[in-house]
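*Asks:* sequence unknown, structure follows:
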């Protein structure tokens, strides 16, 4: 249908591309496909009963408040709960350093809105989280990619990248999406030192930090940065930190948070007023009610136990089935692992064969801001029951072996 | 605190201003102030019990789905419900013409994102809805204001304004925020004719259309436009239509919708993917459950009865108390009426005196995209109980009379 809107799109709209992943996911929705393609939490660990209790309690006691408009910065008791949680990690923030967002995706969008001019360059891990690229493309961002290895962003390449003048550094230090890699303590310190030297601030995106299945927690970049500057642990403000309830509670309620200097929070609040006024009051009050009395800590333990088993099964299955020349990461937490195949294999071309064999993944190429990764793929282990993981990996190995025989 | 973020804001961030209204509202939060300043629905008419029933039902039957990630375009049964509702009004749309947004504020933001280049001019009513200005300022919009009178946008001035080359026309035809005025049938037709003649499309923002307290419903601009082109009532696509559950259900769940040509919906979906991935699955499924079996129609009747009484009390109180030279609109629906005072009175300067007298309003100046309206104010009647409205208007009259004596 021809409409007068057709020739009225803004220039930035040309830069908005349909996510290849979401298109792929549609192909994998047949129930007999074992899909490692999504990034979904396991519905088996959703706290449905606790939610029901909280909804009833909130509607009993605060019904009018929960259904009314709220303030843009967020429901104060929820901000205070997040501040207390952050203080427990050693970082001295108050509720005024916190903004509640409609998922971390909104935090990425608002950060783009207040910071990115057309043509600004953002330093990113290579590969990196696709949602950040999608949000920032709309503001005309360019990217300076820095390679990753098993120890996270390769800080030996960082200085060269910093010389190119990035506006900020974007890093996912824990169980990164897509690779599952974790930035080592040594490299965290390197990153902070170099960022400080070049006066470039850092966005730390940490959706999975609490989902560690083995080893010790590493200090957040935000915490290390504050400690390296000031023995009192007062929040330094150099690192903007993002986290979310999507992985530790439920993504369907769209609740996440930003920690930033109050001045940055004030600008983000202005941007959010224009973007959606505020995040659902009802969901914020219910999430606060669910998070009371230590429930979240207990619930996170259940999620860890569930996902640890799934990760173990996936890694064992890869060891059992995969041909020589295929390697993978062994993440200590999170939802994903990363597979590198021999160079002659193109993961996008192979995708159709995989769907015919009733197994799916995300071709790694999608996560590279400036190209690359044609022979890689991301596998999700959180959302497939253990008994199906082995079968899925067996199917995938079969597809790869067939491709290798082809040539 | 000095941080490296301080000098890194984007140019557009300079255009984001704190809403004067929200700052004013903070002054009016003392419990003994009778505030006509907000734009809140009355909490007495929130369907708390129906919500509780729906939350329990949804968590019982669809808990895993309701707490999981959803699709960007929206929960299909909710889109279908909105399509059926729209069809009932005579407009032939399908669910593919509908996008669920996180409040209409998000719809305005996404429209700005996909259509507005820096320097584009938007034709707006003068005064107009502040949230639209706030959303579009971030994209560098300029404005072509067209005066309003009791019959809505003055279409005699429209042709001159259209010659200035606006990208689109933004109009609130029913019980406009802030004035309460309704665009007459004659002027709706004029608007459509002239818009068509100049090839300029229309955004119709209709948050209050269902809240009519007297008189007959007028056809939506979207419907008239379709009828004037095509006797079959197929949706013409020239008008993008916005409405919301905020006023007929509850604003705290942040649920609204856009009706647009499928191609525009596809672009809005791309923009929304980057902006917040999707609107809360839980809230969409619960709202769909609440809206089943004719509940919404019955509930809207209760809201109409409640607000009609409050409007009547406010208009009667104005007649009783206001001095000569003060005039006001008598809206047939919605949440607001508009007061014009003698020219020597400045509503912003008078605001402090009003708060001292424990009454509050929004100075009209805030709603003018390019200045004006210094002697006007917006009064909200939906959120104050009838017994307090008369007292509040009496206080306000006292403040105005004192100002008139001064000046």
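*Replies:* Arrived safely, thanks for sending. The structure presented is a predicted model; accordingly, all values stated were derived computationally and were not measured.
*Asks:* Pull the number of nearby residues for residue A:76.
*Replies:* 14 (other CB atoms under 10 Å in any protein chain shown). C-beta coordinates here come from the backbone N, C-alpha and C atoms, glycine included.
*Asks:* what sits against residue A:37?
*Replies:* Counting by CB atoms under 8 Å, 6 or more residues apart in numbering or on different chains, residue A:37 makes contact with A:21, A:24-25, A:28, A:360-362, A:380.
*Asks:* contacts for the longest strand anywhere in chain A?
*Replies:* Looking across chain A with DSSP state E, the single longest strand is strand A:142-149. Applying CB under 8 Å, 6+ apart, the contact partners of strand A:142-149 are A:119-128, A:133, A:153-154, A:157-158, A:161, A:164, A:166, A:176, A:179, A:181, A:368-370.
*Asks:* swap the cut-off to 6 Å and go again
*Replies:* A:121-126, A:153-154, A:157, A:161, A:164, A:166, A:179, A:181, A:369-370 (CB atoms under 6 Å, 6 or more residues apart in numbering or on different chains).
*Asks:* now swap in stretch A:183-195 and tell me
*Replies:* The contact list for stretch A:183-195, computed with CB under 6 Å, 6+ apart, reads A:151-152, A:155, A:158-159, A:169, A:173, A:202, A:218, A:221, A:224-225, A:228.
*Asks:* picking that back up, distance from the chain centre to the very next helix or strand once past the longest strand of chain A, please.
*Replies:* Per DSSP states H and E, the first helix or strand lying C-terminal to strand A:142-149 is strand A:152-153. Here strand A:152-153 is found 15 Å from its chain centre; the criterion is CA atoms, centre = their mean, to the nearest Å.
*Asks:* What average pLDDT does the longest helix along chain A get?
*Replies:* The single longest helix within chain A, with elements called by DSSP state H, is helix A:295-321. Averaging pLDDT along helix A:295-321 gives 97.
*Asks:* next one: phi and psi at residue A:123?
*Replies:* Note on residue A:123: backbone dihedrals following degrees, to the nearest 10 are phi -80, psi 120.
*Asks:* typo on my end, it should be residue A:136
*Replies:* Backbone torsions of residue A:136, given as degrees, to the nearest 10, read phi -80, psi -20.
*Asks:* Look at the closest residue to it other than its chain neighbours and give its secondary structure.
*Replies:* In space, and not counting its chain neighbours, residue A:136 is closest to residue A:112: 4.5 Å by CB to CB, 6 or more residues apart in numbering or on different chains. Three-state assignment for residue A:112 (DSSP: H, G, I helix; E, B strand; the rest coil): helix.
*Asks:* Distance check, residue A:112 against residue A:103.
*Replies:* 14 Å (CB to CB, to the nearest Å).
*Asks:* ok, residue A:240 touching residue A:260?
*Replies:* Yes - using CB atoms under 6 Å, residue A:240 makes contact with residue A:260 at a distance of 4.5 Å.
*Asks:* residue boundaries of the helices in the stretch 51-200 of chain A?
*Replies:* Counting by DSSP state H, counting those that start in this stretch, the segments of the stretch 51-200 of chain A that form helices are A:76-88, A:103-115, A:130-137, A:158-162, A:185-198.
*Asks:* Looking at those, which is nearest to residue B:376?
*Replies:* helix A:103-115 (31.7 Å; CB to CB).
*Asks:* so what does that closest one touch, helix or strand wise?
*Replies:* Counting contacts by 3 or more CB pairs under 6 Å, 6 or more residues apart in numbering or on different chains; DSSP states H and E, helix A:103-115 is packed against helix A:130-137, strand A:239-244, strand A:256-259, helix A:262-276, helix B:262-276.
*Asks:* I'd like to know which elements the helix or strand just after the last one is packed against.
*Replies:* Read it as helix B:262-276. Downstream of helix B:262-276, the next assigned helix or strand under DSSP H and E is helix B:281-291. Contacts defined by 3+ CB pairs under 6 Å, 6+ apart place helix B:281-291 against helix B:48-67, helix B:76-88.
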